[in-house]
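Student: no FASTA, just this:
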């Protein structure tokens, strides 16, 4: 697996853990997609911002849907020290 950036310390909010538990999916599925530059369901502007962040070191945001259709965000901080899985309403 070729990653485009380090994830740093990975954390998840209680809401994200609940979504993952309910869908029966592993966080690694979403973390892998995120770290490989598959930004999921973000708008074109956010996709471009993420692509630029790979160059300038800004924050990265991906948005996915679980198997049950619930939205899940993955955010890597600009300094690449940490990545968080969370529900959008927990931002």
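Tutor: The structure has been received and is ready for your questions. Since the model is a prediction, treat every value here as computed from it, not as a measurement.

Student: centre of the chain to the longest helix along the chain, how far?
Tutor: Looking across the chain with DSSP state H, the single longest helix is helix 44-56. The chain centre lies 14 Å from the centre of helix 44-56; the measure is C-alpha atoms, centre = their mean, to the nearest Å.

Student: what's that helix in contact with?
Tutor: 4-5, 37, 39, 42, 58-63, 78 (C-beta atoms under 8 Å, 6 or more residues apart in numbering). The C-beta positions use only the backbone N, C-alpha and C, and glycine is treated the same way.

Student: in TSV, list the residues you listed along with distance to residue 87, pLDDT and neighbour count.
Tutor: Listed next are the contacts of helix 44-56 as TSV, based on distance: C-beta to C-beta, whole Å; pLDDT from 0 to 100; neighbours: other C-beta atoms under 10 Å:
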residue	distance to residue 87	pLDDT	neighbour count
4	24	96	14
5	23	97	16
37	22	97	16
39	17	98	21
42	16	98	16
58	22	97	14
59	18	98	13
60	18	98	25
61	13	98	19
62	14	98	25
63	11	98	18
78	22	97	11
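
Student: farthest pair in those residues?
Tutor: 63 and 78 (18.1 Å; C-beta to C-beta).

Student: low pLDDT regions in this protein?
Tutor: For the chain, residues meeting the criterion pLDDT under 70 lie at 1.
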